[in-house]
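Q: below is the sequence, then the predicted model.
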Amino acid sequence: MSDLAPSDYERLVESLRYCVLVHDAATKDILWANRAASELLEFTVEELKPLKAPDMSSPAKRYRRSVGRRWLQEAVDNGAAVIEWTYRAKSGREILTEAIAIRVELSARTVVMVQFRDIEQETSMRRDLTRTEADLTRTEARLAAFLRNMAEGILVLDDDSRITYASEAASQLLKVPVASLVGERFTEFCRAGQSRESVRRALQLTTADGGSQSLRYEVELSAEERRWHAGSCQHIGIENDLSGHLLLFHDVTEHVRTEQEHERDSQYLNYLARYNAMGDMAMAIAHELAQPLAAATNFIAGTQSRLDDGRTGHDEVSWGLGEARKQIDRANQIVRSLREYVTQLEESQQIVDLNDIVDECAYFIDIRARQKGVHVEYLRAHDTVAVVCERVLTGQVILNLCFNAIDEMAEWPAADRIVTVRTDVTETEGVVSVEDHGKGLSHIPDGRIFDGAFTSKSTGHGIGLALSHRIITRQGGTLTARENDPHGAVFTFTLPADPNH
């Protein structure tokens, strides 16, 4: 350092990026300032020398002259003192600085050298960071509280289906502590078979650039307890910190059990519908079979009697047996028609023409009508009435409505015994209506016609209309009843039309 001239030291201080002010240790007057200080404060050295603290500091109370002098005196007494001080430039701009005052013993006097730098931007960034950290802390606390109270379970699985994260709700749903869940293969909780395979398939279909997959599966919580879960899974990747398959799930056991009970109810409904319709048809068929069987018996008995008496020849025997055979063939045809109808056991929905279903039912409707002395008119739509429905069950609704109408009209004078069956089609629906001219609906309590609790038949149980209503509504249709003009009833049901027809 002996190679440096005195002027070199001044140039070194002038080149500092830190601002420097030199104060007299006793009076605290400014003696000198470097270029950085002059530029920041917008004063020349000569302008700075007479200034006091109020002339170049913020007017806030914390920057009063007495505070500034006390800080400088602390440096004189202790050798150094640090403060955050807001200077005011010549333009009035306030500048927050970090300042350190150091006592320096010069050859002629003792001074206090103040070094300071602008920390306004740095402080602003620090305040922003503090606020961000506080916001993040609050967000994390809220998220943690949300997760704790969230009914839906959250799991993160790795590519081997092992659990890397589990929420409290997931722990409660699986009845395993969170610490014990981590590291376990999730698919092992799923019931072996279809449930386990469906989960594996859903996980395979979730990729980094793919969407979420819905899934429903059964878990085995113990040897005695099984539960159903439903949810979704998707792939996640958060800055290499959390990656894998995100699984969100909730308990749907009660919903699944309701579905299963509904399915059992539907199966029982189908059984009751067939049982109810077949009971009505069986009575009609029994009466219809009685005539050909009785006739065949008479022909055979007469032929047998003649053979026993030796009073007949070959031609008479052949004629008698032939007539008996005709009657037996007629009985067989009746049984065959019944068998062809009842062996259509499909229950799945299909696209059918309501006109065809009416034609299939007409044979049995006409048998019932003949027995009651009722005439049935069939007014079919000219166009195809294509609907989506269960063919056999829909036919049984038609039979039930027609049998009810025929039974009603059987009590009226012969000239009035007319039942009309119509089919029609709209843009969205296929329509079937059954009209009679009986006593109508006024005797039926309001709102009870389809509830299964009312019947006007002395031998009835009222279940026919209730079943019919359930069959139609379960297929997305409607079944309604209204008064006919001038008297009687009109029962109408609609079914969704085939959208492609």
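A: Everything's here; your move.
Q: please point out which parts of stretch 321-333 sit buried.
A: Using 16 or more other CB atoms under 10 Å as the test for burial, stretch 321-333 gives 323-324, 327-328, 330-331. Yep, even glycine has a C-beta here, placed from its N, CA and C like the rest.
Q: now it: mean pLDDT?
A: Regarding stretch 321-333, the rounded mean pLDDT is 75.
Q: list of residues touching it?
A: 289, 292-293, 295-296, 299-300, 303 (CB atoms under 8 Å, 6 or more residues apart in numbering).
Q: contacting residues for the residue most central in space within the chain?
A: The chain has Gly231 as the residue nearest its centroid, 9.0 Å off, counting by CA atoms, centre = their mean. Contacts for Gly231 (CB under 8 Å, 6+ apart) come out as 152-153, 214-215, 247-250.
Q: quick check: Leu181 touching Gln172?
A: No. With contact defined as CB atoms under 8 Å, Leu181 does not count as touching Gln172 (11.0 Å).
Q: quick one: which of these two has more around it?
A: Neighbours were counted for Leu181 and for Gln172 using other CB atoms under 10 Å; Leu181 has more, 20 against 13.
Q: ok, the more buried one to Leu247 distance?
A: Per CB to CB, to the nearest Å, Leu181 is found 12 Å from Leu247.
Q: which residues do those two both contact?
A: In terms of CB under 8 Å, 6+ apart, Leu181 and Leu247 are both contacted by the residues Leu155.
Q: follow-up on the earlier one: just the buried residues of the contacts of Gly231.
A: Buried among the contacts of Gly231 by 16+ other CB under 10 Å: 153, 215, 247-249.
Q: just the residues you listed: which are in strands?
A: 153, 215, 247-249 (DSSP state E).
Q: could I get these as JSON lines with distance to Ile102?
A: Below are these laid out as JSON lines (distance: CB to CB, whole Å):
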{"residue": "Gly153", "distance to Ile102": "63"}
{"residue": "Leu215", "distance to Ile102": "71"}
{"residue": "Leu247", "distance to Ile102": "63"}
{"residue": "Leu248", "distance to Ile102": "62"}
{"residue": "Phe249", "distance to Ile102": "66"}
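Q: can you pull out the low-pLDDT segments for the stretch 151-300 of the chain?
A: Across the stretch 151-300 of the chain, the ranges flagged by pLDDT under 70 are 208-210, 238-242, 269-288, 290-291, 295.
Q: mind redoing it with 50?
A: For the stretch 151-300 of the chain, no stretch is flagged by pLDDT under 50.
Q: hmm, back to that, am I right that the residue nearest to the centre of the chain is in a strand?
A: Yes. Assessed with DSSP: H, G, I helix; E, B strand; the rest coil, Gly231 lies in a strand.
Q: returning to what we had before: closest to Gly477 among the ones in strands among the buried ones among the contacts of Gly231?
A: Minimum distance to Gly477 across those is 32.2 Å, recorded for Leu215 (CB to CB).
Q: ok, the closest residue to the closest one other than its chain neighbours to Gln172 distance?
A: Closest residue in space to Leu215, ignoring its immediate chain neighbours: Ala202 at 4.3 Å, by CB to CB, 6 or more residues apart in numbering. The gap separating Ala202 from Gln172 is 22 Å, by CB to CB.
Q: and Arg391, by the same measure?
A: 48 Å.
Q: Thr206 too?
A: From Thr206 across to Gln172, the span is 24 Å (CB to CB).
Q: Gln115: which of the ones in strands among the buried ones among the contacts of Gly231 is nearest?
A: Leu248 (58.1 Å).
Q: that older thread, just put the contacts of stretch 321-333 in a markdown table and tack on secondary structure and neighbour count.
A: Shown next, in a markdown table, are the contacts of stretch 321-333 (DSSP: H, G, I helix; E, B strand; the rest coil; neighbours: other CB atoms under 10 Å):
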| residue | secondary structure | neighbour count |
| --- | --- | --- |
| Leu289 | helix | 16 |
| Pro292 | helix | 19 |
| Leu293 | helix | 15 |
| Ala295 | helix | 17 |
| Ala296 | helix | 20 |
| Phe299 | helix | 20 |
| Ile300 | helix | 17 |
| Thr303 | helix | 20 |
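Q: burial count for Val425?
A: So Val425, with other CB under 10 Å, has 21 neighbours.
Q: contact partners for it?
A: Contacts of Val425 by CB under 8 Å, 6+ apart are 354, 381, 383-386, 431, 497.
Q: of those, keep whichever come out buried.
A: 354, 381, 384-386, 431, 497.
Q: can you pull the contacts of Thr492?
A: With CB under 8 Å, 6+ apart, Thr492 has these contacts: 431-434, 479-482.
Q: hang on, the earlier thing: of the ones in strands among the buried ones among the contacts of Gly231, which pair is most distant in space?
A: Maximum distance among those (CB to CB): 13.0 Å, for Gly153 and Leu215.
Q: just give the closest residue to Phe299, not the sequence neighbours.
A: Phe299 sits nearest to Ala324 (CB to CB, 6+ apart), 3.8 Å away.
Q: in three-state terms, label the one you found for me.
A: Ala324 - assigned by three-state DSSP - is helix.
Q: need the contact partners of stretch 260-267.
A: Outside stretch 260-267, the residues that touch it by CB under 8 Å, 6+ apart are Arg474.
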